[in-house]
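Student: fold the following.
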Amino acid sequence: MSIDAALRAREESLAPALTEALTGAAARVPGFAARLDRAGVTVEQVCGELGSGAGLASLPVLAKDDLVELQRQDPPHGGLLAPDADVARWFCSPGPLYEPQLEGADWRWGQALADLGVGRDDVVLNCFGYHLSPAGAMLEQGARSVGAAVLPGGIGAQDLQVRAVADLGVTAYLGLPSYLKALIERYDEAGLDRDRWRLERALVTAEPLPDSLRAVLTERVPHVRMAYGTGETGLLAWEPAGEEPGAGLVLADGVHVQVCEIGTGVPVTDGTEGEVVVTLLRADYPLVRFGTGDLSGWTLGPDGSLRLRGVLGRVGQAVKVRGMFLHPRQVTAVMDGVEGVADYRFVIDRVDHVDQLRCEVVPAAGAVAGSSPGEELAAGVADRVRSGLRFSTRVDVVEQLTPGEGPLVDLRDWT
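Tutor: Presented below is the predicted three-dimensional model:
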């Protein structure tokens, strides 16, 4: 089967659920009805061409920045939430972008965990954050859906986390691959009994997993698999268990995924690289043709199934640092007008498989006078970055910056 044929077969299988979701959304959600009007199509026209792949393509891609602007104009949800929707939680991502968790919504992470072999006999350490962002709640829901007990670790308190790994017999891990490496090292540094290490499975996401890091992790955690999803859409694909890594990511059930030409939004039906565009099958929150900003491409697995080639990069200027997006626009909003700073840039590097973020600032004339030149300025900038960007960073006071570079410089090598 070709990629084009596999795409048609998947769209045909999703067409009934898509039709129900889109038809319900057009009747219930003013913002979605307005999108249809702006595109000059009716929901009947869109649904009537779903099997051919042309139906959804009649709607322009909704970029994250577009969603942020819609929410700014019509807070808090941009008109994209049904009036009778049952919202269980609100999350907030940088932008700010407000994301509703609807009662009964399934973020699908349990599909990947079940494939990995996680179930009722497991204790899962969830090392995604529970503060404001949806990642912690998403992954916890996935672990609970397969019957596993969850230790809500979040980020930090590593001494307590590794003690709990030993005391509770933790068997599975959810989080960044770099953070798993840090926990393994902290466990050994604490002198904890290696015989009490039970952690055998890990589902990692939100940053790349190069072969060099995978090799380090699998020395202690035999089954490590990469998954791909977003805070707005949930799980989209994952590395299947029982295969050698590198054969592509199988698609999650219950979500519509396209790879589209950048700029045009035309769906790609071969292995060409493009932007991952997602449509949720919900009438009460119709996130339709949502552009994730991630680059990928289609491939076929050893079994002939349709797969994503993984995350191959980003559309535009945003980058991921420690699993969170950072955009030059956010940097500018936080740093412009800081007293005592004439110029600045943020530098992202990676040391021993861990992201490092530092801020270089050029002081304004007279800003570093006194007994501790630069220290107060650096401390003030670090506090501003921590509160404005939710990143801890080292701040270096320098005489000048490299000409021609923007506010965000990425030096990472993912080999």
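Student: tell me, what residue is most central in this protein?
Tutor: Averaging the C-alpha coordinates of the chain gives a centre point, and the residue nearest to it by Cα atoms, centre = their mean is T230 (3.7 Å).
Student: sec struct for the closest residue to that residue other than its chain neighbours, please.
Tutor: In this structure, T230 finds its nearest non-sequential neighbour in T292, 5.3 Å apart by Cβ to Cβ, 6 or more residues apart in numbering. Using the backbone N, CA and C atoms, a C-beta is placed for each residue, glycine as well. Put simply, T292 is strand when judged by DSSP: H, G, I helix; E, B strand; the rest coil.
Student: wait, what's in contact with T292?
Tutor: For T292, the set of contacting residues under the criterion of Cβ atoms under 8 Å, 6 or more residues apart in numbering consists of K64, T230, E232, T233, E275, V276, V277, V278.
Student: you'd agree the fifth one is in a strand?
Tutor: Translated: E275. Yes - using three-state DSSP, the secondary structure at E275 is a strand.
Student: ignoring the adjacent residues along the chain, who's closest to S305?
Tutor: Distances taken as Cβ to Cβ, 6+ apart place V250 nearest to S305, at 6.2 Å, with adjacent residues excluded.
Student: contacting residues around stretch 124-132?
Tutor: Contacts with stretch 124-132, where a contact means Cβ under 8 Å, 6+ apart, come from 91-93, 113, 118, 135-140, 143, 148-155, 161, 164-165, 170-176, 179-180, 183, 199, 206, 323.
Student: for ChimeraX, what selects the buried ones among those?
Tutor: The ChimeraX command for the buried members of these (criterion: 16 or more other Cβ atoms under 10 Å) is given here:
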select :91,93,113,118,135,136,137,138,139,140,143,148,150,151,153,154,155,161,164,165,170,171,172,173,174,175,176,179,180,183,199,206,323
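Student: quick one: low-confidence parts of the protein?
Tutor: In the predicted model of the chain, residues 52-53, 316-318, 366-373, 404, 415 satisfy pLDDT under 70.
Student: list the contacts of E207.
Tutor: By Cβ under 8 Å, 6+ apart, the contact set of E207 is L176, P177, S178, K320, R322, G323, D355.
Student: separate out the buried members of those residues.
Tutor: Judged by neighbour count, with 16+ other Cβ under 10 Å as the criterion, the buried members of those are L176, P177, S178, K320, R322, G323, D355.
Student: restricted to strands, list those.
Tutor: Mapping the buried ones among the contacts of E207 onto strands (DSSP state E) picks out K320, D355.
Student: could the buried ones among the contacts of E207 go into CSV alongside distance to V46?
Tutor: What follows is the buried ones among the contacts of E207, written out as CSV (distance: Cβ to Cβ, whole Å):
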residue, distance to V46
L176, 38
P177, 39
S178, 42
K320, 32
R322, 39
G323, 35
D355, 41
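Student: give me the distance between the residue lying closest to L176 once chain neighbours are set aside and G175.
Tutor: Counting by Cβ to Cβ, 6+ apart, the nearest residue to L176 once its immediate chain neighbours are dropped is G323, at 5.0 Å. G323 is 8 Å from G175, where distance means Cβ to Cβ, to the nearest Å.
Student: over to P407?
Tutor: From P407 over to G175 the distance is 29 Å, taken as Cβ to Cβ.
Student: so D343 sits in a strand?
Tutor: Yes - secondary structure of D343, determined by three-state DSSP: located in a strand.
Student: touching, it and V362? I think so.
Tutor: Yes - in this structure, D343 is within contact of V362 by Cβ atoms under 8 Å, at 4.1 Å.
Student: what touches both of these two?
Tutor: With contacts defined as Cβ under 8 Å, 6+ apart, the residues adjacent to both D343 and V362 are Q400, L401.
Student: V347: which element?
Tutor: In this assignment (DSSP states H and E), V347 forms part of strand 341-351.
Student: and that strand, what other elements does it pack with?
Tutor: If contacts are counted by 3 or more Cβ pairs under 8 Å, 6 or more residues apart in numbering; DSSP states H and E, strand 341-351 sits against helix 328-335, strand 354-363, helix 375-389, strand 408-410.
Student: quick one: stretch 12-30 to chain centroid distance?
Tutor: 25 Å (Cα atoms, centre = their mean, to the nearest Å).
Student: can I get it in PDB? Just the C-alpha atoms.
Tutor: Taking C-alpha atoms only, stretch 12-30 is exported to PDB below (Å, rounded to 0.1, in the frame of the first residue of the first chain):
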ATOM      1  CA  GLU A  12     -12.400   7.100   5.300                       C
ATOM      2  CA  SER A  13     -12.300   5.300   8.600                       C
ATOM      3  CA  LEU A  14     -12.500   8.600  10.500                       C
ATOM      4  CA  ALA A  15     -15.100  10.200   8.200                       C
ATOM      5  CA  PRO A  16     -18.200   9.200  10.300                       C
ATOM      6  CA  ALA A  17     -16.800  10.600  13.500                       C
ATOM      7  CA  LEU A  18     -15.500  13.700  11.700                       C
ATOM      8  CA  THR A  19     -18.900  14.400  10.200                       C
ATOM      9  CA  GLU A  20     -20.600  14.100  13.500                       C
ATOM     10  CA  ALA A  21     -18.100  16.400  15.200                       C
ATOM     11  CA  LEU A  22     -18.000  19.000  12.500                       C
ATOM     12  CA  THR A  23     -21.800  19.100  12.000                       C
ATOM     13  CA  GLY A  24     -22.300  19.500  15.700                       C
ATOM     14  CA  ALA A  25     -19.700  22.200  16.000                       C
ATOM     15  CA  ALA A  26     -21.200  24.200  13.200                       C
ATOM     16  CA  ALA A  27     -24.500  24.200  15.100                       C
ATOM     17  CA  ARG A  28     -23.100  24.800  18.600                       C
ATOM     18  CA  VAL A  29     -19.900  26.800  18.300                       C
ATOM     19  CA  PRO A  30     -20.100  30.400  16.900                       C
END
